[in-house]
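this is a predicted model, with the sequence first.
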Amino acid sequence: MEEFLQNSGFLIVTMVQQSLLAMSLYYPLMAGQLSLASPGFYALGGYTAAIIGTHEFFTPLRESIGWLAFPLEWLVAGVLSAILALIVGIPALRLRGIYLALATIAFVEILRVLCLNLTITGGAIGIFDVPQLFESRWSYIWIFGPLLVMMLFFSYRLEKSRTGRAFQAIREDELAADSMGINPTRYKVLAFVIGAVLAGIVGAMSAPFLNTWNARQGTFDASIAYLAYVLIGGSRSIWGPLLGGAMLSALPEVLRPLKDSRLIINGLVLVFASIYMPKGIAGVISRLKRSLTWKSRKNGGEA
Amino acid sequence: MGTAQFIQNFLNGISIGSVYAIFALGYTLVFSILGIINFAHGAVFTLGAYFTYTLTVGQFGINGLLAGLTIDNHLPFYLAIIIGSTLAGLVGVLLERLAFKPLRSRGGDQLLALVSSLGVALVLVNAIQYLVGAEIYTFPAEVYGTMKPAIMFKVGEQPVVIRTVQVIIFAVCMFVLAILGFLISRTRIGKALQAVAENQATASLLGINVDRIILFTFFLSGFLGGMAGTLVGTSFGIAGPYFGVTYGLKGLAVIVLGGLGSIPGAVLGGMVIGLAEAFVPADYSAYKEAVAFAFLFIILLLRPQGLLGRPMIQKV
Amino acid sequence: MKRVAIAAISLLAVATVAQAELVGKPIPIGIGVAQTSNVALLGEEEVNGAKIAEKYFNDNGGINGTPFKLIFQDTGGDEAGAINSFQNLMNRDKVVGIVGPTLSQQAFSADPIANRAKVPVIGPSNTAKGIPQIGEYVGRVSAPVAVVAPNAVKQALKEHPNIKKVAVLYAQNDAFNTSESGTFQETVKKMGLQIATIQKFQTTDTDFTTQVTAVLGANVDLAIVSGLSADGGNLVKQLRQLGYKGPIIGGNGLNTVNIFPVCGQYCDGILIAQAYSPSADPKNAINNALVKAYRDKYKKDPPQFTAQTFTAVQVFVEALKKVEAATKKKITQMELAKVREELNKQIRVGTYITPLGKISLDHEGEIHQENFYVAKIKMNPDNKTGKYIYVK
């Protein structure tokens, strides 16, 4: 078991981490907004943690609070992401569909170029020697895991809440929601901010996890990857992004024995998955579940 | 900024812009018909360059399955670029049949087309590397015939220079645009294409074979992408399988700026972004890369339908 | 069912812990470089160097008669990929040491993990400041930029004593080129020259007219380019095509024969700062062997990354021999953890005669390389191939 964790621990934590990032796309999507801004906030969060963790300005702070620096990094990353999300979101969320997606891609790209040029972000090399919370990669499950559980619980409560129902209403029909007295802009921005804060916190947790942080962490490629997570996983329930993120991020590693052709196969899987699983992995699972219960009923009781 | 400097920047801008334009046209054509972005367009661009290279040079490097292979039959370049682009167009057709059509006929989420085209891009790019490695392939210098490398003239006392290959690329792009304009506005198939872009249901009631028009659009898109790839390849060399990625990303900015789905818009968008990049002051060259996206962001906020687009159509 | 599974897993765990692991035979050495992604252009050069080294050293008796084998695990171009590659090499393939990764940014991510697991790593192409300081198990055979660059500027001044104004151009999204350019700029200032313009570009750019026009406008006497083969080569070409006549210095990223077809005739005369020269020292037997093997296979001279990766494998092979000499035991009869520890010690002992010339790794793992070169490119009449003529 220990050997298994030593070898695959990093991958398993990565799967959780990518699931969380996929979920950060899901919240805006709950309110019908296709935002691909998460890599930007993820990058921001990572830089926040890396800077607080390494910059000499924060040395006295780090020395006085010790390990509490880590939760502080998450908090600061979350707050900064929320502020940036408000600044970007309020104007951008007037856009819909693909237009919003493109505006958020532009945001990610502008942020990337900015980080490449600033001194505090370490330019092209980035920031390295980020202080570690745990010795082994596997142990990082103790921060990403609880965050995942918390977000699942949060999503469950959210869907049942007034806010969740407002999201739902906007997703189904924005005009109708508006006429029912739901302020669409307010809720759309809220959904966007929730996603951004999550991505920011995941970024702050990831800088120690990856040991280093640089401008290559938040890119257009990542935007598209997260979108694929959500769509292949299924965009109608929180389990979709969770499964999609975990499975698609593990795929290239699972295909590693295929050597040179592994990414070709990876691409083919994406094509087939989008054709044959139009409701995503979550859709397939719920269909399986339904047909199983149906069968077992037909067989008259438990199998 | 002096007049000479201004003219210099302007020439630089439109020469870069013309390539952006012809690349983005392929994007926007597909969007106009299906309302989706084809993420594999950058890979088709790359592939077109490799096709033409194979036909006209046909000498492979030291990595990949085809390492050391030399093809002895060389086509003249002008023929190779047409056949190479046609092959890229056929890849576009294949792309439609394998990654787009099955989705449409199954009535799945339209957004899934983004993922399936992304999958195709991943397949194409890695298949290229599998076959010919990640090396740089270059076209011979005299591919357009023997000429002076640059043209220089004077404005007042100041010299203005432009590389000959840029002038050629610009001319070829303008020529292709003219033909495309004619094709779309004056021919039967072009009019049918416009009708399908307007409204598929109506077009099909009018007796237009929508399926065929969609195929034709993908062919055209692939052809233009492949040609753009080859043109950039002749000026720059083919810098590995990821060569088209930057264009794929910047092309997005171009088509949104011009107006998603608008053909003249793609041309205008390409020119505007080319010019904007060229006019970035030298001291801020580090931020050049962000210019296209700053434009994209601002235009989306001010005028989401783009410069020449019609007011928002609700397509995804 | 669940209970059975848990029992099986715990049994498995017990079984693996029970016996201390020995080193496999042939002795496995890991190569974790970028075989896919847009970094593969560099990674391929490294793979080729590793493969030639594997054959060469095994043909020459391996590790005192025991053959070794290289195990390749692709890192892709990103940080997570590098960690995954390293984890596979360390835990699944049980390698004694790792050559890799390709990029410095990847090294900052994956090297600390190998360091904590006490697996020796040798970077074949990580040139950023701070790499050997990652930990005691991390070393490199790629000289940091600061020592390579200044020679070329001195050489240019020797050839053209009238140089006053200098243009500096670099690929700002690339860690190596950014820090190399910093060194160039310092050198230029130290020598009392004036930096007339600094132009930045991206390794993914295809058009450099804006940068070139700015250089032409600044009327400089020397242009210094830090880029990789595709972008750097094209920048040189566009500089020349648009009429820049003065001398050009190319950074270490241009030290690859792959730029010859890119800039063609315009490559002629570029001064290149080299950490490796295929032809500077005709008496270097091991370099001659590498060059011959590479020419036989690929019909051209090996690029720097190929030579550096070859060197990294060589350091492992020779250090493994030293481990056998020091412990008086065969590697294959020793415990893996012990071999890794001894190997890391031996890597840092003594000197190596490599294709890079005489080198050693200090206690931190930093390379000390005796010779750096400045070469001038001389193109052949076909304008596709050429040579580096050693000037200093």
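Yep, it's here.

mind listing what's buried along stretch C:385-392?
C:386-388, C:390-391 (16 or more other C-beta atoms under 10 Å in any protein chain shown). Where you see a C-beta, it was placed from the backbone N, CA and C, and this is true even at glycine.

list the contacts of that stretch.
Taking C-beta atoms under 8 Å, 6 or more residues apart in numbering or on different chains as the criterion, the residues outside stretch C:385-392 that touch it are C:151, C:155, C:255, C:257, C:260, C:267-268, C:271-272, C:274, C:277-280, C:300-301, C:373-380.

list the ones among those that fall in helices.
C:151, C:155, C:260 (DSSP state H).

between these, identify the one with the most neighbours.
Counting neighbours by other C-beta atoms under 10 Å in any protein chain shown, the top entry in the ones in helices among the contacts of stretch C:385-392 is residue C:260, with 26 neighbours.

run through the residues of chain A sitting next to chain C.
For chain A, the contact set with chain C under C-beta under 8 Å from any C-beta of the partner chain comprises A:1-4, A:6-8, A:10-11, A:14, A:116-117, A:123-126, A:128-129, A:132, A:135-137, A:210-212, A:214-217, A:252-253, A:256, A:259-260, A:262-263.

contacting residues around residue 117?
Assuming you mean chain A. Under the criterion of C-beta under 8 Å, 6+ apart, the contact partners of residue A:117 comprise A:123, B:286-287, C:172.

should've been chain C
Shown in contact with residue C:117 (C-beta under 8 Å, 6+ apart): residue C:90.

now do residue C:181
With the criterion set at C-beta under 8 Å, 6+ apart, residue C:181 makes contact with C:168-170, C:224, C:226, C:251.

how near is it to residue C:188?
10 Å (C-beta to C-beta, to the nearest Å).

ditto for residue A:268
If you measure residue A:268 against residue C:188 using C-beta to C-beta, the figure is 51 Å.

quick one: which of those two has more around it?
In terms of neighbours (other C-beta under 10 Å), residue C:188 is the more surrounded of residue A:268 and residue C:188; the figures are 24 against 16.

residue C:260 against residue C:379, yeah?
Yes. In this structure, residue C:260 is within contact of residue C:379 by C-beta atoms under 8 Å, at 6.9 Å.

find residues that contact each of the two.
Where contact means C-beta under 8 Å, 6+ apart, the residues bridging residue C:260 and residue C:379 through contact with each are C:267, C:385-386.

what residues does chain C have near chain A?
Taking C-beta under 8 Å from any C-beta as the test, the list of chain C residues beside chain A reads C:9-10, C:12-13, C:16-17, C:35-36, C:72-74, C:76, C:78-81, C:83-84, C:87-88, C:91-92, C:104-105, C:108-110, C:112-113, C:116, C:128, C:130, C:134, C:172-175, C:177-179.

enumerate every residue touching residue B:85.
Under the criterion of C-beta under 8 Å, 6+ apart, the neighbours of residue B:85 are B:48, B:51-52, B:222-224, B:226-227, B:230.

ok, so of those, who is nearest residue B:211?
Nearest to residue B:211 among the contacts of residue B:85 is residue B:222, at 16.9 Å by C-beta to C-beta.

what secondary structure does that closest one sit in?
When the structure is reduced to helix, strand and coil (DSSP: H, G, I helix; E, B strand; the rest coil), residue B:222 reads as helix.

nearest spatial neighbour of it, chain-adjacent residues omitted?
Excluding its sequence neighbours, the residue lying closest to residue B:222 (C-beta to C-beta, 6 or more residues apart in numbering or on different chains) is residue B:92, at 2.4 Å.

quick one: pLDDT of that neighbour?
If you check residue B:92, the pLDDT there is 97.

also the one 10 residues further on?
Listed pLDDT for residue B:102 reads 92.

list the buried residues of the strand or helix carrying it.
Residue B:102 is part of helix B:101-106, with elements assigned from DSSP states H and E. Buried residues in helix B:101-106, defined by neighbour count with 16+ other C-beta under 10 Å: B:101-103.

and the closest residue to chain A within the stretch 101-250 of chain C, what element?
Using C-beta to the nearest C-beta, the point where the stretch 101-250 of chain C gets nearest to chain A is residue C:108, with a distance of 3.8 Å. Following DSSP H and E, one finds residue C:108 within helix C:104-116.

elements contacting the helix or strand following that helix?
Note on helix C:104-116: by DSSP H and E, the next helix or strand toward the C-terminus is strand C:121-123. Applying 3 or more C-beta pairs under 8 Å, 6 or more residues apart in numbering or on different chains; DSSP states H and E, one finds that strand C:121-123 makes contact with strand C:98-99, helix C:104-116, strand C:138-140, helix C:304-327.
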